[in-house]
Structure formats: C-alpha cells, structure tokens
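S.K.: make a model of this:
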Amino acid sequence: MRRIYFDRKSMKTRLVTAFIITSLIPIIFVNILAYYNTSNLVKQNVESMTHANLEQTKVSLDVWLDSYEDILFQVYTNDDIVELTDKINAREDVANDRQKLRKTLQGLFYTKDYIKSITVITQSGVIVSYNQLTSSTTHTSWMDSLSMPKEELYRVISSDNKTHLIPTGDKVVFGSSSCYLFHIGHRIIDYKNVKKQCGIVLVSIDEKLLEEICSSTTEGGLNFLIDGRGHLISCRNSEQKGRRVFSEYASEIEKKSVYESLARKTGIVGSGALSVYSAYDEKTGWCIIRAVNQEALIQGMHQQQSMQIVIVVVSLTAVLAIMVRQVAKMSGSIKKVVKVMGTAGKGDLSVRAEVDRDCPTEVEIIGREFNLMMDKLKISVEKQKNAEIAALEAQINPHFIYNTLDMINWMVIDKDEYEISNMITTLARILRYGISNSNGIVTIKEETDWLKQYIFLKQTRLKMAFECHINAEPEIMALPIHKLLLQPFIENAILHGFEGADGNCVLQMDLERDEDFIKIGIRDNGRGISKSLVQEMNQGIFRSQDDRNHIGMENAITRIFMYYGERAGVVIESEPQQGTFVQIRIPIIEESGD
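M.R.: Numbering: from 1, shown residues only. As a prediction, the model looks like this:
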C-alpha cells in the first residue's frame, strides 16, 4: 500500500500555497494598476497645469507685444515723422531734418519700459536713431548684431503693411553694459499717399521683457522662447540667446534633446528627470517651451508605492495567519477521516468515521457518505458471497456439455434423425459462441450469423410459428460489436411479443450505418406492451416480475450503456396489439490490435 505523506503534499500545504498565489497575483496586479492609474492621473494633472501655464504665457506675450506695437503705430503714422522723412529723402537740409526727427523720436522714447532704441531708415538709406545704447545719431549699435544687412532689412519691412518681428540677435555691448535686443518694425505710412515709400521704423526692445513674461509663470520650471528657424529668442541664464540652436529641418526628437540641454545648462531646473512641453504662438511665430523637473513628483510616487507595498505585506501576513489556523483545523478533521478510510482499506469493514460539530460542513458530508458507503459495502459483500456460492453450485464444465451433445448427435445420426442432428449441432455452436468470452467483441457478420442459428432453433421449437428477416448493409458487416448484445431483444420479441398473438407473426431486424453510429431496428408485430410500461422502460425502470424476458432486456440495455457510454441510445416504442419497435444506436468503436 502506498504511504501518504501529509507533510509533503498535504491539503494544508496546497491550500496555503494556492491562497498565497491567488492572493498575491490579484494584489500585485491591483497595486500595479493603482500605481499606473495614479501616475497617469498625476501626469494628466501636470500636463493640464503645464498647458495652462503655456497658454497664460502666450496670452501675456501677445498682450505685451500689442502694447509695444501701439508705440510703433504712433511712430509710423506720425505726420511730423512722415514730413521729415520726405525732406531727408529730398536731400533739402539733411543734417537739420535729421536732428528734428531725432527729437521727435525722443518724445516717444520713454512711453514704455524696455525700449532701448527707436530707429528710422529712410527710403534714401539715411539712418536716424534715438537710443540708450550710444549717443550717436547716425549709427545704431544693434544693427551689426542682426543676421541680415541693412538693405535686406529695409526690403523685408517695406514690402508690405504688416508689423515685422525681428528675433533676438547677438549680444549688444555698449560701454560696460550689454543686452540682447529683439525688434518690431513697420514701414512709414503717409495716409495722403499710402503707396509712397518713405522709410521704415524699428523699435528695439530689451530681451529682458521676454524673460520677465516667461518668468512670471514659471513656478516649478523654466519657460523660454525659440522661433521657427531654431533661434533662441529668450531664455533666462542662457548665453546662447540670439543663436541658432538647431536646424529648421531638425526632427521632434532632436528638438526635444536640444530643449532639455538648454534647460539644464541654465541651472534652474536641476539635474533630475525633465518633462518638456511646447506651445506655438501664432502671432509671433515663436514656440514657447516649458521644462519641468519631475524628480519630486517621481519620488512622491515611489513613496506612495512603498507605502502600498507595506500595507499589502502587513495585510497579507495577517490574513495568512488566519488562513493557516483555519486550514490546520480543517486538515486535522480530514486526517481523522483518512485514517478511518485506511483502516477500512485493510479489510476492517466495521469502522466508521466520527463526525462532530467542529468539522467543516464538507468534511462532515464526506464522513457521513463514507459511513453510508461502508454500510452498503457490507451488504454488498454478503450478497456477493451468496452469489459466489450459487455460481459454484450451478457451475458446469462447458467441455462436458459439448462432449455430451456430440455423443447424442452421433446417436441420432445412427438412427437417421438428421433434423434432430442439425438442431443439436446448432445448439452446440450457440453454446460455444455464448460461453467463450461472452463479453468479447466480434464483427456484425459473426453476430448476425449466430443470431440466425439461434432463431433457427426457436423456429424449430415453435414449429416455424413466425417469420424472421435480418437486413444488414454489406459495408457494415465488418464493423465491431459486443457479443450477445442483441439476443435479449430478439428473445423478448419471440417469447413475449408473439405469445398469444394472432395471425402471421413477423420479426424484422435492420442494421445500417448512420455516420459514426450503427443504427439497429428490431420490429415485431406481436401483442405489444402497455404505454405506461413502455414509458417506465424508456426511463430505465424495470419492474420486478416473474416474466424474465424484460429482465433480460434490462440487462442488455445496461450492458449497452456500460460498453458504449452516454453516446449510446435505446428507445422502445410499442402499442398494445400493434407490435413493438426497439431502436438501438451505438457508436462505432475502433477494435484494438490485441
């Protein structure tokens, strides 16, 4: 007997292991899902706040530039300035007219902070400027910092009636001071003749205005400006203002790398993880870039995750302790039942499982069912012993029967009783077929041949009181079938169906193939069976009675389902005085090669 190792693969170990696995997986999954959901929510909030910040910066930038465009408008529409530029273009008194124009510009100079210079370039190429960068009236210190010459600058601005935004150029140095400038320009308009080219005017603004606009909304990050051609317009603490930091054909990945590099070099955003966002300003054509340090956010998320892990571990430990205690109690009850079962397995059928209130409901059911099974087993053992005794008493040596029938057959032949000899020979074949391996498998041809011999004996005994027809499709004759499976139905039809029947009695059996099944129909025109009895028989109910024919059918039906399982089917149809039809349907089995 195989020994049972409770400690190696006990139910306790299996349940605890299954609990740990089934608990950990959902908890870990939920924890990860919660972490990522929280991360996504925080990320969405950060992105929402960042986009709001960028929109606020864009609005502030547009409002401030609009205010400086008002100064520009006052210059390029000023009638005095138009008149003086006409005189300078006419070369009447250039030195005097230039001085007057400079004083006019001086009157508009201090209307706004961060204006460093107001410059007029006439159509004839004369430059008149008032600025804080140099005392010269004919030279502008910022002109050399631009990436385009004066002639191109004039051509671009005077080509239309739009305000032009000139991006930040190189650093402008004047004395011990320096600054970066960006410019807004427009052509001078004489409303008496709007198509006349008088000149252009440029207002030069300190780039610190842009830094302040960006810095006013940069809590927790850094905002800076870059134009569409890759020039850095404004960035706090950066020495690359006015320079091109990437090609206008650069990919988004390359641009993002440049943005991160610029932000880190300022020293404002630290060295932690950065997130970079951008917004496009249609008015200026500039991109507003925001770099945000996410290190604090990531650390907060890690702390939250660590806290969740601690809570999960503590909770799981507490639940596991309770689980182990309950499983130990339940496994103890099961061990008691298993011990009793082991004793019964050794042959002691008097043992019974003790069931108390502390047992789990399932263990209590197992114990009660075991006790019931032992009671039934004890009764079955007693019946089996009685059956074995009866079988021993009824046992007859098959060879004795064959030899005796053979002796009788020769005695009959000596007296020229050939009909009786045929019957004896047929009977011997029937007995030999039935006794030898009665549960074996034969072909349908062998089974039908045997049935014909059996029916021959029945017809002889009853003096041909009935006709019998066996119709089998040739292609199914080699298919396998269990021996003696159909004989009880034939016998029932002959002895029960034809008994007391009037007229010509006919028994017909049809065998045919129906896909993967063998379909067998046995029909007689005998006296039939009552509807109630047919209904009970189709439900598997066979009443105990002296008529042993129905008992044979019960055994035959039981054998069919035992051999072929639930795929098999037996249906009985009958009407009193109308005959009986039994339809049998069995699956085709593959015969083993033994």
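S.K.: could you find the closest non-adjacent residue to Leu511?
M.R.: Closest residue to Leu511 apart from its sequence neighbours, by CB to CB, 6 or more residues apart in numbering: Ala472 at 4.1 Å. For every residue, glycine as well, the C-beta is placed using N, CA and C.
S.K.: which pLDDT value belongs to that neighbour?
M.R.: pLDDT for Ala472: 91.
S.K.: try Thr580
M.R.: 91.
S.K.: is it in contact with Asp524, as I believe?
M.R.: Yes. Under the criterion of CB atoms under 8 Å, Thr580 makes contact with Asp524 at 5.6 Å.
S.K.: and for Gln539, the neighbour number?
M.R.: 8 (other CB atoms under 10 Å).
S.K.: same deal with Asn89?
M.R.: 19.
S.K.: from what I can see it touches Lys196, true?
M.R.: No. The pair Asn89 / Lys196 is not scored as a contact, 9.7 Å apart, by CB under 8 Å.
S.K.: returning to that earlier point: more neighbours: Thr580 and Asp524, which one.
M.R.: Using other CB under 10 Å as the criterion, Thr580 and Asp524 rank with Asp524 on top: 27 against 22.
S.K.: could you report the distance from that one to Gln453?
M.R.: To Gln453, Asp524 is 19 Å away according to CB to CB, to the nearest Å.
S.K.: just Gly345 next, same as before
M.R.: When Gly345 is compared with Gln453 (using CB to CB), they lie 48 Å apart.
S.K.: give me the more crowded residue out of the two.
M.R.: Neighbour tally, Gly345 and Gln453, criterion other CB under 10 Å: the higher count belongs to Gln453, 15 against 10.
S.K.: check which helix or strand covers the nearest residue to the more buried one once chain neighbours are set aside.
M.R.: The shortest distance from Gln453 to any non-neighbouring residue, by CB to CB, 6+ apart, is to Thr426 (4.9 Å). Following DSSP states H and E, one finds Thr426 within helix 418-435.
S.K.: what's that helix packed up against?
M.R.: Counting by 3 or more CB pairs under 8 Å, 6 or more residues apart in numbering; DSSP states H and E, the packing neighbours recorded for helix 418-435 are helix 398-414, helix 444-461.
S.K.: closest to Ile188 out of those helices?
M.R.: helix 444-461 (116.1 Å; CB to CB).
S.K.: the following helix or strand past that closest one pairs with which strands, and in what direction?
M.R.: As assigned by DSSP H and E, the chain's next helix or strand after helix 444-461 is strand 466-472. Strand 466-472 sits in its sheet next to strand 505-514 (parallel), going by DSSP bridges.
S.K.: put the alpha carbons of the partner strand into PDB.
M.R.: The C-alpha coordinates for strand 505-514 follow below in PDB (Å, rounded to 0.1, in the frame of the first residue of the first chain):
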ATOM      1  CA  CYS A 505     -46.000 -13.200 -36.800                       C
ATOM      2  CA  VAL A 506     -43.100 -11.400 -38.400                       C
ATOM      3  CA  LEU A 507     -39.800 -10.400 -36.700                       C
ATOM      4  CA  GLN A 508     -37.500  -8.000 -38.600                       C
ATOM      5  CA  MET A 509     -34.100  -6.600 -37.700                       C
ATOM      6  CA  ASP A 510     -32.400  -3.800 -39.800                       C
ATOM      7  CA  LEU A 511     -28.800  -2.800 -39.400                       C
ATOM      8  CA  GLU A 512     -27.300   0.300 -41.100                       C
ATOM      9  CA  ARG A 513     -24.600   2.900 -40.600                       C
ATOM     10  CA  ASP A 514     -25.500   6.400 -39.600                       C
END
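S.K.: how far away from the center of its chain is that strand?
M.R.: Relative to its chain's centre, strand 505-514 lies at 55 Å (CA atoms, centre = their mean, to the nearest Å).
S.K.: surely Ala478 is in contact with Thr443?
M.R.: Yes. Under the criterion of CB under 8 Å, Ala478 is in contact with Thr443, at a separation of 5.4 Å.
S.K.: between the two, which one's more packed in?
M.R.: Between Ala478 and Thr443, counted using other CB under 10 Å, the more crowded position is Thr443 (15 against 11).
S.K.: does that one touch His482 like I think?
M.R.: No. Taking CB under 8 Å as the definition, Thr443 is not a contact partner of His482, at 11.2 Å.
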